[in-house]
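# sequence first, then the predicted structure, then my questions.
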Amino acid sequence: MNIIKEIPSKETYIVRQPVLRKGKPIESCIFEGDDLKDTYHFGLYNSGELIGIISLFTKINSIFAEKNQAQIRGMAVLESHQKKGFGEALVKHCENFCIEKDIKLIWFNARTAAVGFYKKLNYQTVGKPFDIKDVGEHYLMYKEI
Ligand SMILES: CC(C)(COP(=O)(O)OP(=O)(O)OC[C@H]1O[C@@H](n2cnc3c(N)ncnc32)[C@H](O)[C@@H]1OP(=O)(O)O)[C@@H](O)C(=O)NCCC(=O)NCCS
């Protein structure tokens, strides 16, 4: 059985570390703003095991005119569980949460390897790729929801 529920930031480290910060210390899994009251973390449990995560930060990107925006960060599914629809379920959960909160635009910096995944979910890239130190090449992506 699959369940998606809100989780504390610290629980995301179980997935953030092996997927997003491979070989790096646990401290590298702490994101600035993780514990702000308007930051939300969701976990997908598959047969009781946390296998996927997504976080939503209330952060404005001035490139977009929309006032009600949120940023997705820390999107990850354990390697053993990828390509089974769990990532898509997490993004859709986040989108529904945003709709309830009257957030009109979701944006994020996507790793180049994940751009195809987000395009399938109707997100668009903006501009050229850029480098994020220690993580690699990214594209700014967004969707009006
Ligand atoms: C990117 C990621 C979150 C996708 O999660 P997932 O559970 O594997 O994806 P899903 O199974 O829900 O895929 C949904 C669709 O996107 C496709 N897809 C998945 N990953 C893809 C990729 N990297 N590139 C292109 N398409 C991809 C799937 O084939 C599927 O297509 P379909 O509906 O036609 O079958 C996951 O692979 C991951 O954690 N990757 C490593 C970390 C990462 O890059 N995170 C994103 C940081 S910005």
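Everything's here; your move. Residues are numbered from 1 along each chain as shown.
# buried sites along stretch 118-136?
Residues Tyr118, Tyr123, Thr125 are the ones in stretch 118-136 that count as buried (16 or more other CB atoms under 10 Å). Any C-beta I mention is one placed from the backbone N, CA and C, and that applies to glycine too.
# how far does it stretch from one end to the other?
End-to-end distance of stretch 118-136 (CA to CA, to the nearest Å): 17 Å.
# which of the buried residues of stretch 118-136 come close to the ligand?
Among the buried residues of stretch 118-136, no residue is within reach of the ligand (CB under 6 Å from any ligand atom).
# now, these that are in helices?
Counting by DSSP state H, the buried residues of stretch 118-136 place Tyr118 in helices.
# shouldn't Ser28 be in contact with Tyr13?
No: using CB atoms under 8 Å as the test, Ser28 is too far from Tyr13 to be in contact (9.5 Å).
# who has more neighbours out of the two?
Using other CB atoms under 10 Å, the more surrounded residue of Ser28 and Tyr13 is Tyr13, with 19 against 16.
# assumed the more buried one was part of a helix.
Yes: checked against DSSP: H, G, I helix; E, B strand; the rest coil, Tyr13 lies within a helix.
# how far away is it from Ala65?
Computed as CB to CB, to the nearest Å, the Tyr13 to Ala65 distance reads 35 Å.
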